[in-house]
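S.K.: Kindly generate the corresponding structure for this input.
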Amino acid sequence: MEQENKPKYYTEEIEKDTRYRQDYVDGANRFFYEQYNQAAGPRDQFITPEQYKANPEYYREALKQMLGFPLNLPTETPTLAEKTFVAQDGNVNIYRMQLTFFGYLKFYGIYFEQINKAKDTPFVLSFHGGWGTPELVSSIYMDSGNYLHQTRRMCERGANVFAPQLMLWDVSNFGNPHDRIHMDGKMRQLDGSMTALEVYLLMGTISYFIESGEAPEDRIGVVGLSYGGMYAIHLAAVDPRVKACYSCSWFNRAFDHSWADWSYRNAAKTFTSVETAAMIAPRALFITMGDNDNLFAAATTEEEYKRLEPYYQIFDAADQCKLRIFPGVHEQDKEDYGFDFLINHL
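M.R.: Below you'll find the model as predicted:
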């Protein structure tokens, strides 16, 4: 009886309605890019090279406000929770370190200290990218992968190097499950972002190394690949104590790569990757991108770099900012131009 009373509704194949969904997708994407193009006007009114030169700290504070909490707090100098000797390897002693923030948050990294260090030995932060760890970027396992021995190449140039662990590691390889996007959502509800939190921790890390006498305040640099390249630029933009920055395989049109954890409120009208990098001027900045990078288009990197150049030109510091498109994919540059540039400006 139930079967006889079951209603018979009209049905059809899925293909009948795919066009409508595609029209919606196409229209939404067109809307996004039309709005992005229209945002150039407000952005050009918000910041110009002339305005930035006249009041760099105003714009630095505006960038911190966009990234959000906890960058609105005073920079905290963490306490040392642990420093464990790992090995002597070539010209460096290797230590695992944990720094404690807020009384409980332990920020971890690997410290490569020159055996023959001096008070003026340069100090460099070396950032891994997505799915990475400080061990990977520092050639401790897997032969460094596409980082091509990034940390060690700075050690070979006589720098003390700290490679921190960012909330980016590949859970399938390294364990310790986490969900960065979910964490970023929690930070958004707190009026912040994971970028803001980790930049805050990195600023505190710099304070620790300065106050402990390990880092001369006028010889601090940063280098990073991919996500690490993003962190290199953002940290240098927010913290003027960073005197030189080398960003590999990240600088591009941010709107084309609107990943949730590096997309910020009203960024298209204020700070795209260009305006963020501009906050480094007139300090030293070297940008690289592989000509066959499978994530970012080198041609777009070149286009965006043209928008960045005037921020250095207005300081008569054009030689402080360099772009290199190298033959390669999403990897660290095999040639040493960026590393030499970084150490020569510290």
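
S.K.: Please, where are all the strands along the stretch 201-346 of the chain?
M.R.: Residue ranges of the strands in the stretch 201-346 of the chain, as given by DSSP state E, counting those that start in this stretch, are 220-225, 244-248, 284-290, 321-326.

S.K.: Out of those strands, which gets nearest to Y20?
M.R.: strand 284-290 (38.4 Å; Cβ to Cβ). For glycine as for every other residue, the C-beta is placed from the backbone atoms N, C-alpha and C.

S.K.: Which neighbouring elements make contact with the closest one?
M.R.: strand 244-248, helix 298-313, strand 321-326, helix 337-344 (3 or more Cβ pairs under 8 Å, 6 or more residues apart in numbering; DSSP states H and E).

S.K.: what is the mean pLDDT for it?
M.R.: What strand 284-290 shows for mean pLDDT is 98.

S.K.: Can you check what angle separates that strand from strand 220-225?
M.R.: Interaxial angle of strand 284-290 relative to strand 220-225 (axes from the mean of the first three to the mean of the last three Cα atoms, to 10 degrees): 10 degrees.

S.K.: Check what contacts strand 284-290 and list those residues.
M.R.: Residues outside strand 284-290 that contact it (Cβ atoms under 8 Å, 6 or more residues apart in numbering) are 233, 236, 243-249, 251-252, 277, 296, 298, 301, 305, 312, 320-331, 333, 337-338, 341-342, 345.

S.K.: where does this protein dip in pLDDT?
M.R.: Filtered on pLDDT under 70, the chain yields the residue ranges 1-4.

S.K.: quick one on the thing from earlier: in a markdown table: the strands of the stretch 201-346 of the chain, plus mean neighbour count and distance to D89.
M.R.: Output for the strands of the stretch 201-346 of the chain, formatted as a markdown table (neighbours: other Cβ atoms under 10 Å; distance: least, Cβ to Cβ, whole Å):
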| stretch | mean neighbour count | distance to D89 |
| --- | --- | --- |
| strand 220-225 | 28 | 19 |
| strand 244-248 | 30 | 23 |
| strand 284-290 | 26 | 26 |
| strand 321-326 | 18 | 28 |
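
S.K.: any idea where the helices of the protein begin and end?
M.R.: 2-5, 18-46, 49-54, 56-67, 134-137, 150-155, 171-174, 180-189, 194-211, 227-238, 273-278, 298-313, 337-344 (DSSP state H).

S.K.: In contact with M97, which residues are there?
M.R.: Neighbours of M97 in contact, by Cβ under 8 Å, 6+ apart: 80, 82-84, 108-111, 162.

S.K.: Now which of those residues would you call buried?
M.R.: For the contacts of M97, a neighbour count by 16 or more other Cβ atoms under 10 Å gives the buried set as 108-111, 162.
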